[in-house]
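Asker: give me the fold of what follows.
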Amino acid sequence: MENRPCYPIILIPQGVKVGNLEPIILPSKSTESTKLGASEIEFGLILRKYFDPQIFSQQQLLPLNHKAAYSADFLFVEPNTNLHIDLEIDEPFTFETREPIHCVGMDDYRNQCFVQANWIVLRFAEEQVKSQPLRCLRVLANIIYQYTYNDAWQLLFKDVEKLTPLWQWTTKKSRKLSKDNYRNRYLN
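Answerer: Purely as a prediction, here's the structure:
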């Protein structure tokens, strides 16, 4: 019935699927001066509470043959295997311009660049990290365990309920959410 992705969106590189967890491209630098989204500061604190020192903010990935880098909202690096997981928090529209963002298809090329660098991409909807942060961390912990067999974090979230999925929005849906000031409902 639905032909849209559902959050959490999880993209696993072929290399990781066959057990090659080393990234092909390492982060080039951090852009700590980047303005963080409305929910990123709060979620970053929760992430760090459970996953420090393996969490890094605003790490840049410079894909091969690119002049400009992409910044990961958060990067998790598993200490034993060097598995890299790009954690993204997607908002349906910007507060500044009210323009639709992170709509179906908009981040496909960007995701592909991270996957080609052999990084897992894990995208949450902003609404999920705001209303269900521990459930989001459960998803992360389960992915870490699935590919590294490191269950240190998975055990922390074994009693946390599963994350409630959320359909990714289309441009049309994003415009409606913007018109209805939808983000204010869950950010306040």
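
Asker: wait, isn't residue 12 in contact with residue 119?
Answerer: No. Applying C-beta atoms under 8 Å as the test, residue 12 and residue 119 come out as separate, 10.0 Å apart. Any C-beta I mention is one placed from the backbone N, CA and C, and that applies to glycine too.

Asker: the protein: helices as residue ranges?
Answerer: Taking DSSP state H, the helices of the chain run over residues 14-17, 40-51, 108-116, 126-131, 133-148, 171-179, 182-187.

Asker: tell me which of the ones you listed sits nearest to residue 86.
Answerer: helix 108-116 (4.9 Å; C-beta to C-beta).

Asker: any low-confidence regions in this structure?
Answerer: Along the chain, segments meeting pLDDT under 70 span 1-2, 31-34, 37-38.

Asker: on that earlier part again, out of the helices of the chain, flag the one nearest residue 92.
Answerer: Between the helices of the chain, helix 171-179 lies closest to residue 92; by C-beta to C-beta that is 4.6 Å.

Asker: can you give me the buried ones in the closest one?
Answerer: Of all the residues in helix 171-179, those buried under the rule 16 or more other C-beta atoms under 10 Å are 171, 173, 174, 175, 177, 178.

Asker: which residues touch the third one?
Answerer: With contacts taken as C-beta atoms under 8 Å, 6 or more residues apart in numbering, residue 174 has the following neighbours: 92, 93, 100, 101, 103.

Asker: skip the chain neighbours and tell me the closest residue to it.
Answerer: In space, and not counting its chain neighbours, residue 174 is closest to residue 100: 3.4 Å by C-beta to C-beta, 6 or more residues apart in numbering.

Asker: quick revisit: farthest-apart pair in the contacts of residue 174, please.
Answerer: Among the contacts of residue 174, 93 and 103 lie farthest apart (C-beta to C-beta), at 9.1 Å.
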